[in-house]
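*Asks:* The sequence and its predicted three-dimensional model are supplied below.
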Amino acid sequence: MSGALDGSALRRLAARLFLRRARTMLFLAACLAVGVAFLSAVSHLLFAVDGAIAARARDMLAGDVQASSSRPFSDSEQSALDAALTPGRRASQSVSLASMLAPARASEPPFLVAVKAVDDAYPLRGALLTAPPGAKPAPGTCLVERSAALQHGLKVGDAVRLGALNLRVAALIDQEPDRDFLGFSFAPRVLIARADLDHAGLLGLGARVRYAWTLALDASESPAPAVAAVKKELSRALADAHVGLITYAEGESSAREGLRRAALFFTALALAALLLGAAGLRAGLALFLDAESDTMGLLRCLGASAAEVERLYVGLCVGVGLLGGGAGALAGWALAAAAARAAGRFDLGLALSAPPRAEAFAEALLLCGALAWGLSAARVRALAARPPLDALREPPQAPRALAAAGWAAAALAVAAAAWRRAPTPKDALLLAAALAAGTLIVEMLARAGLAGAERLSRALAGAGLPFPVRHGLRRLVRRRRESRVMLFTLAGGFALLAAVGSAREGFSRALAPSQAEDAPDLFLVDVQPTQVARARAIAARWSRGEAAFAPLVRARLLRVDGEALRRDAKRDGDEAERGRWRSREYNLTYADAPNPSETIVAGKFWAPGADVAEASLEQDFMDRAGLRLGARLTFDVQGREVDAVATSVRRVEWAAMRPNFFVTLTPGLLREAPQTFIASLRARDPAASAELRKELARALPNVSVIDAAALLATARRTLGLILTAVGALAAFCVGVGALVVAGLVALGRAERGAENELERALGWTEAESRAADAAELLGLGALSALCAAAAGAGLSWALARRLDVPLAADPAESAALLLGALLLPALAGMLAGSASRRAARRP
Amino acid sequence: MSAPLLELEDVSKEFPSGSETLRVLAGLDFSIGAGEAVAVTGPSGSGKSTLLGILAGLERPTSGRVRRDGEDATAWSEERLALWRRGRVGFVFQNFRLMPTLSALENASFPLEMQGEAPDAAAAKARVLLAELGLGARADHRPDQLSGGEQQRVAIARAYAHRPALILADEPTGSLDRATAGRVLDALLGVHARSGAALVVVTHDPATAERMSRQVRLASGRLAA
């Protein structure tokens, strides 16, 4: 006879145990599968989008390297750019701006468009698909985005007006290579010939224009090192930090980081679902292993060593984990594939496909295997080593070192999953910290809740409650381990749902001022100083109330506290972000006092008419740009330097839809500077809005009208969709809680069945037995509701701070959630517990 | 004369109990030869189950010596003890201890499979044994579908399936009514007689003890004369 137990016998026994306990195994696996499914879906989708971006990275820039500026390139800058144009390489120049396109038909009002004036070389990469095919903007013609043409009744051949230009629509644009990523754009595209722009009358002083120079490498050059070399050379030659430089690879990684940031909430919720499921798994495995402890002892009596018994049961537990991981990964891929197909219906500018990825499956299996091992290994060892015949000693405690190693393995597995998905290490740490803090808080609330319930049940002993009810409450406290886990998962799930609801309400309240009856819904931009009176008069004819005008002065920040802004390629993370905020093109304004939508939160705003050189900074902008109260700012205002000290900080109610600015200076500094005006107003009705645009187009063709209401509606719809998806995921977390309750009740049916039998033997009626069950489960529900309310409040506060929205809750929704938390455990538990009741009724 | 199958020399067993030490067995000498049937009796708490645990190699004595098959086994490793139990010992428990998810046939054939026998061959042998014990028609039933007496007979089949040299039975009839207990004891002694294995039965039932070829009585951790 060989030393070790015959391996095939062990495997056969393991298979038999697994199959004969299939329902238990499925429940345990399901605990993990839900969270893994969502993690896997996010992973597959991100990979699909990454792939699509990588495939189109050079197309998305319509070139390989791009320099851009809000001012025409100076002679020295242009020389530096031309020096990069070595033989074989090609270059293209373009100018982008917003303006109003007016159809020749008088019935159709003008509408806002994103104009791009291009030369013959455009596009250097990617395809410009038009109808009819092969069209390019030639002088006197324009290409219009198909959706805009459809919306405004434009056809090929129609006459339109753009500023001072009369153009003919030569083709409709079906695909533009360097359109804004994911198709989100401010206004529909119109392409015109570069040469035409100079006659359009749209490039006046203060116009908001972007000049771009794009380079495509020679086909023989290796892209990655070549673009890096070009960027390095141009960074050296173009000292001005205000000239943007980007390679296709940077555009790609920037888009990827943006996506991962957007997906972070989904990742966080998926990990939360996984943690809730892991808690259920741990409790379920403990019940399962305890029930198997007799069999473990028997195996040892029959001659299996403790190590062999341990291997058998660890194998079973890990098998459960692998089943959960596999099922979750499969479900996640299916979800991602469906989402990718659904995304094809929207014009995202990316072709998405989500094939199954071995890496994602492997990760899911590893994660769940590690979790299952970590949460069971110590207990298995303790039970396997237990002397089976010994009635005098308690079972040995789980070995501390192994228990700690198990927890560490489980925590590490979850942390690794978070790390892989977060856009930056800082986000990963934040996510891990948030999950750890949330877990700890909910666990402490659950423990406190049970301790309180224990005191209450003792206090109620003399209160005249029927004995079955008191017995049910005592049961809740006595089954402390299971009760704590059920509380944890239910409270956690409902708290997440409450927080998502609170975030939705917070966003709604933040945007509420924009929906007020007299809130402005139109912005007029690029109003020249000499046109203000005329614009005001036209607005007065079609608007409700008076239009609010504010001056706008284009400028660049040159120095902060005497230190010049410099381009530094070595900066990354927060420093690079600060650099980008500082080197952007500024829209300054000047005023004697804050407007009604501004509140001074630090420092002191200057007195009207004060002859000082001061600046007031918007709070959020100040933080992002790394500025502070007291900073000395030097601006380049159309070639002239202007100094100002930051003496106050404003909080701006952006949703009030007034002309608001990041930086306001004292009037004396900018009154004489070249400037345009921006105004907001409320049109009387949609018909008045159309007439206003027509009249402005005729009288002041350079003035653009932005339909803020339409933009806000789109933003609200998009936000609503995202929050709905997030809410659905949070609802799944509640589902995990219900699953855990039902599963643990079912797993404990032997003990419950024995109790029911005893109750019957002692003379309880069916009704009394059910009353005890109901008291236990409703007690659990009440505790869940309390814990969920407390945890939800805390989570909502943290989320409101992170999202910078008011802390808010819909009373009806909150009440419904609390009611759900109260009743769901009772429903899940009663359904699962009916099986034990049936067993008790058998003779 | 061949060496005893199992020999305990001056064996004591103590357990920590809070701040005190509980002495369950004190300087006990015991042996059992091949084919013997011994009853171990004594009141509750006299150390019968502890003695059984030491005989089975599931407990180690605090002091004294244990010989198995003539060899000093006091310092045997856990692995070696497990191996010895696997091949040389069968168990019958008071509460049957069948694996609830396996059928009667699978429970009975399991020790054979543990020793590497092919499942079909193991099942065939176990089926024969179950038939001898009157359970031929119940072979595919699970424990929760069998009566107490039937479950105990399945346990007896499991204990003898791999032809061990020693059977240890801990209160084998303790959970059964008198009539069923009698039938189970007949089955146990019948298989013992056919197989020639030694039999140690822990019992507090005098009627059961009288049917063994030798009786020893434990009192306060010692064997009474």
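*Replies:* Arrived safely, thanks for sending. No experiment lies behind these values; they were computed from the predicted model shown.

*Asks:* Quick check: phi and psi at the closest residue to A:Ala644 other than its chain neighbours.
*Replies:* Distance criterion CB to CB, 6 or more residues apart in numbering or on different chains; nearest residue to A:Ala644, sequence neighbours excluded, is A:Ala615 at 3.9 Å. All C-beta spots, glycine's among them, are computed from the backbone N, C-alpha and C. Taking degrees, to the nearest 10, you get phi -130, psi 150 for the backbone angles of A:Ala615.

*Asks:* Any idea what A:Ala615 is bridged to?
*Replies:* As for beta bridges, A:Ala615 partners with A:Ala646, A:Leu665 under DSSP bridges.

*Asks:* burial of it, as a residue count?
*Replies:* Per other CB atoms under 10 Å in any protein chain shown, the neighbour tally for A:Ala615 reads 24.

*Asks:* cool, A:Leu383 as well?
*Replies:* 24.

*Asks:* which of the residues in the helix or strand that contains it are buried?
*Replies:* Assigned by DSSP states H and E, A:Leu383 belongs to helix A:358-384. Residues of helix A:358-384 classed as buried by neighbour count (16 or more other CB atoms under 10 Å in any protein chain shown): A:360-361, A:363-384.

*Asks:* residues from chain B in reach of chain A?
*Replies:* Contact residues (CB under 8 Å from any CB of the partner chain) of chain B with chain A: B:15, B:17, B:22, B:24, B:49-50, B:52-53, B:56, B:58-59, B:78-79, B:82-87, B:89, B:91, B:97, B:99-102, B:106, B:110-111, B:113-116, B:119, B:170.

*Asks:* can you rerun that using 6 Å?
*Replies:* Residues of chain B found near chain A (CB under 6 Å from any CB of the partner chain) are B:15, B:49, B:53, B:58, B:79, B:82, B:85-87, B:91, B:97, B:99, B:101, B:111, B:113-114, B:116.

*Asks:* Could you pull up phi and psi at A:Glu108?
*Replies:* Note on A:Glu108: backbone dihedrals following degrees, to the nearest 10 are phi -100, psi 120.

*Asks:* At the geometric centre of the chain, which residue do we find?
*Replies:* In the absence of a named chain, this looks at chain A. The residue lying closest to the centre of chain A (CA atoms, centre = their mean) is A:Ala262, at 3.2 Å.

*Asks:* You answered for a different chain; I wanted chain B.
*Replies:* Geometric centre of chain B, nearest residue: B:Leu168, 1.5 Å, by CA atoms, centre = their mean.

*Asks:* Which of the three states applies to the residue of chain A found nearest chain B?
*Replies:* Relative to chain B, the nearest point of chain A is A:Gly303 (2.3 Å; CB to the nearest CB). For A:Gly303, the secondary-structure state derived from DSSP: H, G, I helix; E, B strand; the rest coil is coil.

*Asks:* On the pLDDT front, check the closest residue in space to it that isn't next to it in sequence for me.
*Replies:* Using CB to CB, 6+ apart and skipping the chain neighbours, the partner closest in space to A:Gly303 is B:Arg86 (2.3 Å). Per-residue pLDDT puts B:Arg86 at 85.

*Asks:* again, but for A:Gly462
*Replies:* Per-residue pLDDT puts A:Gly462 at 64.

*Asks:* What's the separation between whichever residue of chain B sits closest to chain A and B:Asn95?
*Replies:* Chain A sits closest to B:Arg86 of chain B, with a gap of 2.3 Å, by CB to the nearest CB. Computed with CB to CB, to the nearest Å, the distance linking B:Arg86 and B:Asn95 is 22 Å.

*Asks:* the more surrounded of these two?
*Replies:* With neighbours defined as other CB under 10 Å, B:Arg86 and B:Asn95 compare such that B:Arg86 has more, 20 against 14.

*Asks:* rewinding a little: give me the residues contacting the strand or helix carrying the residue of chain B closest to chain A.
*Replies:* Assessed by DSSP H and E, B:Arg86 sits inside helix B:78-88. With contacts defined as CB atoms under 6 Å, 6 or more residues apart in numbering or on different chains, helix B:78-88 is touched by A:1, A:303, A:305, B:57, B:164-165.

*Asks:* Who wins on neighbours among these?
*Replies:* The most crowded member of these, judged by other CB under 10 Å, is A:Gly303 (26 neighbours).

*Asks:* Report the distance from the helix ranked longest in chain B to the chain centre.
*Replies:* As assigned by DSSP state H, the longest helix anywhere in chain B is helix B:178-195. How far helix B:178-195 lies from its chain's middle: 14 Å, per CA atoms, centre = their mean, to the nearest Å.

*Asks:* which parts of the helix or strand just after it are buried?
*Replies:* Counting by DSSP H and E, the next helix or strand C-terminal to helix B:178-195 is strand B:198-202. Of the residues in strand B:198-202, B:198-202 count as buried by neighbour count, 16+ other CB under 10 Å.

*Asks:* just checking, what packs against the helix holding A:Leu383?
*Replies:* Helix A:358-384 sits against helix A:22-61, helix A:248-291, helix A:293-301, helix A:306-343, helix A:400-421, with contacts defined as 3 or more CB pairs under 6 Å, 6 or more residues apart in numbering or on different chains; DSSP states H and E.

*Asks:* got the CA coordinates for the shortest one in CSV?
*Replies:* The C-alpha trace of helix A:293-301 is given here as CSV (Å, rounded to 0.1, in the frame of the first residue of the first chain):
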residue,chain,number,x,y,z
SER,A,293,-16.8,18.4,10.1
ASP,A,294,-18.2,15.0,11.0
THR,A,295,-17.3,13.7,7.6
MET,A,296,-13.8,15.1,8.0
GLY,A,297,-13.5,13.3,11.3
LEU,A,298,-14.8,10.1,9.7
LEU,A,299,-12.2,10.3,6.9
ARG,A,300,-9.5,10.6,9.5
CYS,A,301,-10.8,7.6,11.3
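
*Asks:* can you list contacts of the strand or helix carrying A:Leu669?
*Replies:* Element membership of A:Leu669 [criterion: DSSP H and E] is helix A:667-670. Defining contact as CB under 6 Å, 6+ apart, one finds that helix A:667-670 is touched by A:553, A:590, A:611, A:613, A:642.

*Asks:* of those residues, buried ones?
*Replies:* Buried residues within these, counting neighbours by 16+ other CB under 10 Å: A:553, A:590, A:613, A:642.
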